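Peer 1: one predicted model, sequence on top.
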Amino acid sequence: MSNWRNSQNDNLFAAFLQLKTVEEVAAFCRDLMTEAEINEFSGRWAVAQALSTGKPQRQVSAETGVSIATVTRVNQWLKRGMGGYQNVINRINHHRPKDVGL
């Protein structure tokens, strides 16, 4: 069994809850991660968002530039993960103004 939930990781997760603006999150992430790591995570997030709209995996890979292997992995997490991607996607969709074509 994986031990990814531990006190050190929970401490990191709690740190994210202290951030209030996109600028604060960006600064924290840049101090925490390399630019390559940030780009990797943002790519996965873009993939999750695109897949949630029903786009085919190969199309998502072509549009995002993310490898098909990563797209497939994100798709598995989106469908059978812990619900983290879907939770945030639902919140974004819930808070999006209805008359804006985003």
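Peer 2: Structure received. Numbers count the residues shown, from 1 in each chain.

Peer 1: what stretches of the chain score poorly on pLDDT?
Peer 2: 1, 97-102 (pLDDT under 70).

Peer 1: what comes up buried for the longest helix that it contains?
Peer 2: Counting by DSSP state H, the longest helix found in the chain is helix 35-52. Using 16 or more other C-beta atoms under 10 Å as the test for burial, helix 35-52 gives Gly43, Arg44, Ala46, Val47, Ala48, Gln49, Ala50, Leu51, Ser52. Heads up, the C-betas are built off the backbone N, CA and C, glycines and all.

Peer 1: just the element for the residue lying closest to Leu19 once chain neighbours are set aside, please.
Peer 2: With C-beta to C-beta, 6 or more residues apart in numbering as the criterion, Leu19 has its nearest non-adjacent residue at 4.8 Å, and that residue is Val25. Val25 belongs to helix 22-32 when assigned by DSSP states H and E.

Peer 1: got the CA positions of that helix in PDB?
Peer 2: What follows is helix 22-32, C-alpha atoms only, in PDB (Å, rounded to 0.1, in the frame of the first residue of the first chain):
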ATOM      1  CA  VAL A  22      -3.500  33.200  -8.200                       C
ATOM      2  CA  GLU A  23      -0.400  35.300  -7.600                       C
ATOM      3  CA  GLU A  24       0.200  33.700  -4.200                       C
ATOM      4  CA  VAL A  25      -0.200  30.200  -5.600                       C
ATOM      5  CA  ALA A  26       2.100  31.100  -8.600                       C
ATOM      6  CA  ALA A  27       4.800  32.400  -6.200                       C
ATOM      7  CA  PHE A  28       4.500  29.400  -3.900                       C
ATOM      8  CA  CYS A  29       4.600  26.900  -6.800                       C
ATOM      9  CA  ARG A  30       7.600  28.600  -8.400                       C
ATOM     10  CA  ASP A  31       9.500  28.500  -5.100                       C
ATOM     11  CA  LEU A  32       8.400  24.900  -4.600                       C
END
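
Peer 1: off-centre distance for it?
Peer 2: 15 Å (C-alpha atoms, centre = their mean, to the nearest Å).

Peer 1: swap in stretch 76-84?
Peer 2: The answer for stretch 76-84 is 11 Å, by C-alpha atoms, centre = their mean.
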